[in-house]
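Visitor: I would like to see how this sequence folds:
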Amino acid sequence: MLQKIVHFWLRHIHPRLAPLTTTIGIFGLASCLLILFVLAELFEEVFEREAFAFDTHFLLWLHHFANPTLDNVMLGITHLGNPNVVVIVVVVSVAILLWRRYYQEARIFAIACLGAFILNTGLKLVFTKPRPQLWPQLITEKSFSFPSGHALGSLVLYGMVAYLLATHYPRFSQFIYIVAVMAIAAIGFSRLYLGVHWPTDIIAGYGVGFLWLTMCITMLKLQKLRAN
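Guide: Purely as a prediction, here's the structure:
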């Protein structure tokens, strides 16, 4: 029986998983599976309208540190994930890629950003989770809360920009990734500080964004392997 299982794996499963495993690595594949598990648990809880006591307690605790200076800083940071800024970054990035004749990168970059928008919009409409209303807020958001579009979109957009920059400028890759991670984390934190998202919204946004970004980068790598 064991021999049949091994034979089936080597003949049917392994040939399909091998390119994926080679491209993103065992750690990357394991990370994606772990994130899928966490997202499945979150989706089930939110879909069944289960209360998250942690969400409320964390936001109320965080609000104790609010002050006018931090308000201005967080408003500036959250602006990096607003649609007007995101559209400008996307258009400029695609234009530069096309100008440099990186057609594969431009296509995948556009797909990544469009896919992030579709995922965010679709999931919000599926779960229809209301936003927190725990204190008078500095900004007004009219869309649903779950998942966080700023978290999802910033991870995909700035993560993809960082990957492309690091690919073409490997000497500065570490610095590029550090800056990208700090920016993405700051945008997510700003949404919590401003009280327009629950912590689970941010976690779900990052999770979905990471999976989609990994898929897009994998597609780009596979295309380049086939071209070579």
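Visitor: Output the below-cut-off pLDDT ranges for the chain.
Guide: Within the chain, the segments meeting pLDDT under 70 span 1-29, 50-51, 227-228.
Visitor: redo that, cut-off 80
Guide: 1-33, 47-53, 223-228 (pLDDT under 80).
Visitor: So for stretch 62-76, what gets flagged as buried?
Guide: Met74 (16 or more other C-beta atoms under 10 Å). The way it works is simple: take the backbone N, C-alpha and C, and place the C-beta from them, glycine included.
Visitor: ok now that stretch, how far from the chain's centre?
Guide: Chain-centre distance of stretch 62-76: 24 Å, with C-alpha atoms, centre = their mean, to the nearest Å.
Visitor: Send over that stretch as CSV, restricted to the C-alpha atoms.
Guide: Extracted C-alpha coordinates of stretch 62-76, given in CSV (Å, rounded to 0.1, in the frame of the first residue of the first chain):
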residue,chain,number,x,y,z
LEU,A,62,-4.4,51.7,21.7
HIS,A,63,-6.6,54.7,21.9
HIS,A,64,-5.2,55.6,25.3
PHE,A,65,-2.0,56.7,23.5
ALA,A,66,-3.8,59.1,21.1
ASN,A,67,-2.6,62.7,20.9
PRO,A,68,-2.6,65.5,18.3
THR,A,69,0.9,64.8,17.1
LEU,A,70,0.3,61.1,16.6
ASP,A,71,-3.0,61.9,15.0
ASN,A,72,-1.2,63.9,12.3
VAL,A,73,1.5,61.3,11.8
MET,A,74,-1.0,58.5,11.4
LEU,A,75,-3.2,60.5,9.0
GLY,A,76,-0.1,61.0,6.9
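Visitor: tell me what the strand or helix carrying Arg226 is packed against?
Guide: Arg226 belongs to helix 199-227 when elements are defined using DSSP states H and E. In terms of contacts (3 or more C-beta pairs under 8 Å, 6 or more residues apart in numbering; DSSP states H and E), helix 199-227 is packed against helix 14-47, helix 53-63, helix 103-127, helix 149-168, helix 173-193.
Visitor: Show residues contacting the second one.
Guide: Think helix 53-63. 132, 134-135, 192-193, 195, 198-200 (C-beta atoms under 8 Å, 6 or more residues apart in numbering).
Visitor: a markdown table for the helices and strands packed on helix 199-227, including distance to Val89?
Guide: What follows is these, written out as a markdown table (distance: least, C-beta to C-beta, whole Å):
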| stretch | distance to Val89 |
| --- | --- |
| helix 14-47 | 25 |
| helix 53-63 | 28 |
| helix 103-127 | 9 |
| helix 149-168 | 6 |
| helix 173-193 | 11 |
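Visitor: looking at these, which is buried most?
Guide: helix 149-168 (a mean of 23; mean count of other C-beta atoms under 10 Å).
Visitor: from the middle of its chain, how far away would that one be?
Guide: Distance, centroid of helix 149-168 to centroid of chain: 8 Å (C-alpha atoms, centre = their mean).
Visitor: likewise stretch 87-101?
Guide: The mean C-alpha position of stretch 87-101 is separated from the chain mean by 20 Å, C-alpha atoms, centre = their mean.
Visitor: again, but for stretch 120-135
Guide: Remark: stretch 120-135 is offset 17 Å from the chain centroid, using C-alpha atoms, centre = their mean.
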